[in-house]
Every structure is written in C-alpha cells, then in structure tokens.
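# this is a predicted model, with the sequence first.
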Amino acid sequence: MIEFLMVCNKTGAVRVSRSYSTRPLPDPRSVLHDCLKRNSPSQCPHFLMMDGTEEVRIIFRQYASLFFVLGVSPNDNVMAHFAFIHNLVETLNSYFSNVCELDLMHNVDRAHMILDEIVVNGFITESNRSRVLAPIAILDKTVDKVS
C-alpha cells in the first residue's frame, strides 16, 4: 500500500503531495537529503525509514529536476512501485507534453486529478494512460466551452 507520495524539486520544495494514511507526511527536506545521499549507481534507490514505531519503505526516482518519492509498506513489491512512478511520469508527460516543475506548480489541480485517477486509497487501480486522461480531457473540453 502506498502511504504517501511527494513530488519535490532539488531544494526540497514539495510541488505535489498526497497522503493515503493517517500518518503525517515526513519532512520533505530530510527525506530528499536521504534520497540524494543514495542517488548514485552503487546505492539502491529505496530504503527503510523509521516513522515513529513503524517502518516505511521510501522509494524514489529522479526525472530531470523532480524527485518522485513514495512511502510504501515495507513488504510491498519495489519493482511494481518503480513501474508506477514511471507510469505516472509518462501520464503527466502525455497530458502536459513534457512535464516540468512549472507545469505542476501552475496546474496542481490537474496533477492531483491524474494522481487520483491512478491511485485510490493507497492502491493502484488504473495504469492505462488513455483511461486516466479521458475524464480530464472531457473536463478540459467543458471548461473551454464555458470560457
């Protein structure tokens, strides 16, 4: 299960975040610092972090200047979550045509809608890009007609 998702820039500023549990989000700067320490070819791009009395597996991936950070249950499949991050980035790229930090800052509602179409209550429910983007395309057409 996905506990939380954060999309941060290199300075630790959170651009998109979503929590799927009752735990508070960890400090993004400390998580990003731990990720940057491990962001070398010899280090694994995932690690366990203590969150109070429970462990959370942190999985991260860097795309250009954005870090996609997931907090998942310690026994979850790591490769499935890497595939999820890649699918999320590809879907964002399809919608924004090469997503960047500014796209997420100015269209945070659209980014949350895309994320909400893919993940429901911490579980990945949809991975088909066209099915994820179809409701958002309908909403965009409706907004264009009103404007």
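It's in.

# end to end, how far does stretch 103-114 reach?
Using Cα to Cα, to the nearest Å, the end-to-end distance of stretch 103-114 comes to 13 Å.

# buried stuff in that stretch?
Under the neighbour-count criterion of 16 or more other Cβ atoms under 10 Å, stretch 103-114 has 103-104, 107, 110-111, 113-114 buried. Using the backbone N, CA and C atoms, a C-beta is placed for each residue, glycine as well.

# let me know the closest of these to D34.
L104 (22.1 Å; Cβ to Cβ).

# contacting residues around that closest one?
Counting by Cβ atoms under 8 Å, 6 or more residues apart in numbering, L104 touches 7, 15-16, 66, 92, 111.

# equivalent analysis for V119, please.
Contacts for V119 (Cβ under 8 Å, 6+ apart) come out as 2, 5, 18, 20, 125.

# where does the protein have low pLDDT?
The chain contains residues with pLDDT under 70 at 39-44, 50-53, 147.

# which residues touch the helix or strand containing D140?
Taking DSSP states H and E as the definition, D140 sits inside helix 129-146. Contact partners of helix 129-146, identified using Cβ under 8 Å, 6+ apart, comprise 87, 90-91, 94-95, 110, 113-114, 117-118, 126.
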